[in-house]
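> Quick one: sequence and predicted model below, then my questions.
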Amino acid sequence: MKPKVGFFSFTSCEGCQLQVLNMEEQLLDIAGAVDLVTFREAMDPIDGDYDVAFVEGSISRESEITVLREIRRKAGVLVALGACAASGCVNAIKNRFTPEENLHEVYAEGARHFDTIDVKPLDQVVSVDHYLRTCPITREEFARLFTSLLLPRRPYDPNFAVCVDCRIAENVCVYDMDEGEYCMGPVTRAGCGALCPTFESSCIGCRGFIDQPNFASMIKVMEDYGMPREDAIGRLKMFNAALPGAEEVE
Amino acid sequence: MNATKVVSKRAFDVMIRALGEASELVAPVSRGYDRFSFAEVEDASALQCEGYIPTINPPKKYFLPAEEVLVEFSAPDGATLGSGSEFRADAVVDSPTRVLLGVRTCDIRAIAMSDRAYADTYEDDNYFAKRERATIVGLSCLEPCDDHAFCAAMGAENAEEGYDLLLTDWGDSWMVSVGTERGDEMLAACDGVGEPTAEDREQWASLQSDRRAAFAPVAEKISVEKERLPDLVDEGEGSSLWTEYGDLCLGCGRCNMVCPTCFCFDVEDEVSLDRTSGERKRRWDGCTLLEFALVAGDENFRSERKDRLRHKLYHKTRSTFDRYEEIFCTGCARCFRTCLVDIYHPDMYNALEERLGGDSS
């Protein structure tokens, strides 16, 4: 029997769902291997439970918590689909302000119609079995995880720094170029193939932190290359303000 | 010194170009920003890559590629791969013929070290298929390449073996040391190979004495003899030094990746989306990375950065010395040049020696 699979979406741009739909030449393989029960960007939902839930987006409203818990209850396996779900992503920048400030800033007079809470990645609300990182997810990683779930086997989810991928690509380090790039590769999880540094741009941390990140040394490196400390801290938190450990970045 | 000949650069280049018709020629190429990489070239002119400091990644990438397919596997017709399913597996051994031009003596020494590691216990087919089809044309350093190299402290500013030919710049010619029969054959294919004249020999002796003088300060970068390093790291196991450096270390693994003597890899399977086929790949791994010593049951033998950093130095000194009677470090200083927090092995050895000296007094 084919596994039933659902795609769900919370606070996000839905770009990660689109990345799945962008896998044009492989879509038939994906759709053929599973029974899709819901996929907001692609179809109307079908009632019932599911074996695998791919959940995109971060949690930023009370009502989303209730829905996410229901998804967790029905799903055998829950996958965080993309940076918003896995680490909070740029949505979490709003956590630096109070919910009231945010509501007023965004909705002004209409604020009374809305509620909002501090942004949380999924695993701060329910347990998450697997993570697809990056903003947006890469099609290659989706295919790899999807295949691992079908086989089934433990999915590949590197917990080492982007620097490893960058050395393997034998790039000139952007710090050696000294052209105003402040790369966070040393504290950011690899798996993207060091995409940004390969194109001579800094890693901005969209895949979240490796375990045991050395924030003090990372900030010192950025300072040594000329970035004010405050900006270096802001940079570390740009995608990762909601992650546990982010409060250590001071 | 091995048999030495003098050959004009022009004649040498003609011979290399001819070799290039049937093999891939690689040499250090500038990447800008004072950085270099081994890459494919057309002729021997690249041998004299100006201002060439050790390349970003060492030439080991030609024998142990950063990523390499070891096995291709597939399901029988009409079936898919899965737990307990039947499959067919075929070893994949890529073995291109290559000529490595302009390999510094530090890297020549490192290649000899990896050869020993990869021949140990089980000879590694994938490594030796490439290694045995590689020709190594070395290039002597007349002076230290920069202020960071500590090659002379590790005895790697010279190489007596491990090359087919070793070149020394001799104006319009190369002074060529021949290391192997293969090297002899290459020279036999060159026009106008001459014996060094009496004048050449005199100049050679003076060049060697200049070189010794130029490298003497480099040898001083480590305050102890290299033979002392294994015991030093052993005795310093409980030193506070590791905590200090562990606090500084980013744990990013760059030093492992660029090290010419690091030989560790991880193996991972990749299966196609339709689950009919897949590949088993190996990929460079490094002991400074968190999950390097992680085993089943979530036990991690080196769970802190300081443990991993200490292990790296321990393995380069004690472990390899006990196993191969050699310290697996050439002093090329790639680890320092790539390190964003300036961790320099000589500093650590010197500090350790100083502290241990203090403890015993």
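Received, thanks.

> What lies in contact with stretch B:235-242?
B:Lys306, B:Asp307, B:Leu309, B:Arg310, B:Met348, B:Ala351, B:Leu352, B:Arg355, B:Leu356 (Cβ atoms under 8 Å, 6 or more residues apart in numbering or on different chains). Bear in mind the C-beta positions are built from the backbone N, C-alpha and C, glycine included.

> and the third one, helix, strand or coil?
Following DSSP: H, G, I helix; E, B strand; the rest coil, we place B:Leu309 in the helix state.

> in the stretch 51-200 of chain B, which spans are helices?
Ranges of helices in the stretch 51-200 of chain B, per DSSP state H, counting those that start in this stretch, are B:105-119, B:125-131, B:181-188, B:198-219.

> In the last one, which residues are buried?
To tie it back to what came earlier, the one meant is helix B:198-219. Residues B:Asp200, B:Trp204, B:Leu207, B:Arg211, B:Phe215, B:Val218, B:Ala219 are the ones in helix B:198-219 that count as buried (16 or more other Cβ atoms under 10 Å in any protein chain shown).

> For the closest residue in space to the first one that isn't next to it in sequence, which residues are in contact?
When you say that, I think you mean B:Asp200. Spatial nearest neighbour of B:Asp200, chain neighbours left out: B:Val6 (6.3 Å); criterion: Cβ to Cβ, 6 or more residues apart in numbering or on different chains. Going by Cβ under 8 Å, 6+ apart, B:Val6 touches B:Trp170, B:Ser173, B:Trp174, B:Met175, B:Val176, B:Val193, B:Gly194, B:Glu195, B:Pro196, B:Asp200.

> taking those residues one by one, which sit in strands?
Of the contacts of B:Val6, the ones assigned to strands by DSSP state E are B:Trp170, B:Ser173, B:Trp174, B:Met175, B:Val176.

> if we look at chain A, which of those are close to it?
The subset of the ones in strands among the contacts of B:Val6 within reach of chain A, by Cβ under 8 Å from any Cβ of the partner chain, is empty.

> Rebuild those as CSV, extending it with neighbour count and pLDDT.
Compiled in CSV, the ones in strands among the contacts of B:Val6 are given as follows (neighbours: other Cβ atoms under 10 Å in any protein chain shown; pLDDT from 0 to 100):
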residue, neighbour count, pLDDT
B:Trp170, 18, 93
B:Ser173, 22, 94
B:Trp174, 27, 95
B:Met175, 20, 96
B:Val176, 26, 97
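
> B:Ala152 contacts B:Ala213, doesn't it?
No: the criterion here is Cβ atoms under 8 Å, and B:Ala152 misses it with B:Ala213 at 11.2 Å.

> Look up the closest residue to the closest residue to chain A within the stretch 151-300 of chain B, ignoring the ones flanking it.
Per Cβ to the nearest Cβ, B:Met257 is where the stretch 151-300 of chain B lies closest to chain A, at 3.5 Å. Setting aside the residues directly before and after it, B:Met257 is nearest to A:Arg167 in space (Cβ to Cβ, 6+ apart), at 3.5 Å.

> Other residues contacting the helix or strand harbouring that neighbour?
According to DSSP states H and E, A:Arg167 maps onto helix A:162-168. Helix A:162-168 has contacts (Cβ under 8 Å, 6+ apart) with A:158, A:173, A:183-186, A:188-194, A:197-198, A:203, A:207, B:56-57, B:66-67, B:250, B:252-254, B:257-258, B:283-284, B:286, B:289, B:338.

> coming back round to it: make TSV from the helices of the stretch 51-200 of chain B and add mean pLDDT to it.
Output for these, formatted as TSV (pLDDT from 0 to 100):
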stretch	mean pLDDT
helix B:105-119	97
helix B:125-131	97
helix B:181-188	96
helix B:198-219	96
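
> Which of those sits closest to B:Thr97?
helix B:125-131 (9.2 Å; Cβ to Cβ).

> Out of the helices and strands in chain A, which is least certain?
When the helices and strands of chain A are scored by mean pLDDT, DSSP states H and E, strand A:35-39 comes last with a mean of 85.

> buried ones in that one?
Within strand A:35-39, judged by 16+ other Cβ under 10 Å, the buried ones are A:Leu36, A:Val37, A:Thr38, A:Phe39.

> what bridges to the first one?
When you say that, I think you mean A:Leu36. Using DSSP bridges, the bridge partners assigned to A:Leu36 are A:Val5.

> Return the per-residue confidence for the closest residue to B:Ile222 other than its chain neighbours.
Leaving aside its chain neighbours, B:Ile222 sits nearest to B:Ala153 (4.2 Å; criterion: Cβ to Cβ, 6+ apart). B:Ala153 carries a pLDDT value of 98.

> what's the answer for the one 4 residues further on, then?
For B:Glu157, the model assigns a pLDDT of 96.

> Tell me the spacing between it and B:Arg337.
Applying Cβ to Cβ, to the nearest Å, the value for B:Glu157 to B:Arg337 is 17 Å.

> likewise A:Asn214?
Applying Cβ to Cβ to A:Asn214 and B:Arg337 gives a distance of 19 Å.

> Also A:Glu223?
Applying Cβ to Cβ to A:Glu223 and B:Arg337 gives a distance of 20 Å.

> ok, now A:Ile233?
28 Å.

> So which of the two has more stuff around it?
B:Arg337 (22 against 17; other Cβ atoms under 10 Å in any protein chain shown).

> The more buried one against B:Phe150, yeah?
No: B:Arg337 lies out of contact with B:Phe150 (Cβ under 8 Å); the separation is 11.9 Å.

> next helix or strand past the helix holding A:Arg167?
Taking DSSP H and E, what comes next after helix A:162-168 is helix A:174-177.

> Quick one: residues in contact with that next one.
A:Glu181, A:Cys183, A:Pro197, A:Glu200, A:Ser201, A:Ser202, A:Val221, A:Tyr225, B:Tyr33, B:Asp34, B:Arg35, B:Leu340.

> if we can go back for a sec, count of neighbours near the residue nearest to B:Ile222?
24.

> can you tell me the residue of chain A closest to chain B?
For chain A, Cβ to the nearest Cβ, closest residue to chain B: A:Arg167, 3.5 Å.

> since we're on that residue, how many residues are nearby?
The burial count for A:Arg167: 26, using other Cβ under 10 Å.

> now do the one 3 residues further on
Around A:Glu170 there are 19 other residues, counting by other Cβ under 10 Å.

> repeat for A:Phe97
Count around A:Phe97 with other Cβ under 10 Å applied: 13.

> Name every strand pairing with the host helix or strand of B:Arg280 and say which way it goes.
Element membership for B:Arg280, per DSSP H and E: strand B:277-284. Strand B:277-284 pairs in its sheet with strand B:67-74 (antiparallel), strand B:265-271 (antiparallel), by DSSP bridges.

> Would you mark the buried spots in it?
B:Ser277, B:Gly278, B:Glu279, B:Arg280, B:Lys281, B:Arg282, B:Arg283, B:Trp284.

> Let me know the closest of these to A:Leu68.
B:Gly278 (33.9 Å).

> For the closest one, which non-adjacent residue is spatially closest?
B:Val271 (3.8 Å).

> In contact with the one you found: list those residues for me.
Taking Cβ under 8 Å, 6+ apart, one finds A:Thr147, A:Ser148, A:Leu151, B:Leu81, B:Ser277, B:Gly278 in contact with B:Val271.

> Ok, B:Glu202 next?
Contacts of B:Glu202 by Cβ under 8 Å, 6+ apart: none found.

> and the nearest residue to A:Arg69 once chain neighbours are set aside, how far is that from A:Leu68?
Counting by Cβ to Cβ, 6+ apart, A:Arg69 lies nearest to A:Val126, which is 6.1 Å off, once chain neighbours are set aside. From A:Val126 across to A:Leu68, the span is 6 Å (Cβ to Cβ).

> need the residues of the stretch 201-350 of chain B near chain A, please.
B:247-254, B:257-258, B:268-275, B:283-284, B:286, B:289-291, B:304-305, B:338, B:340-341.
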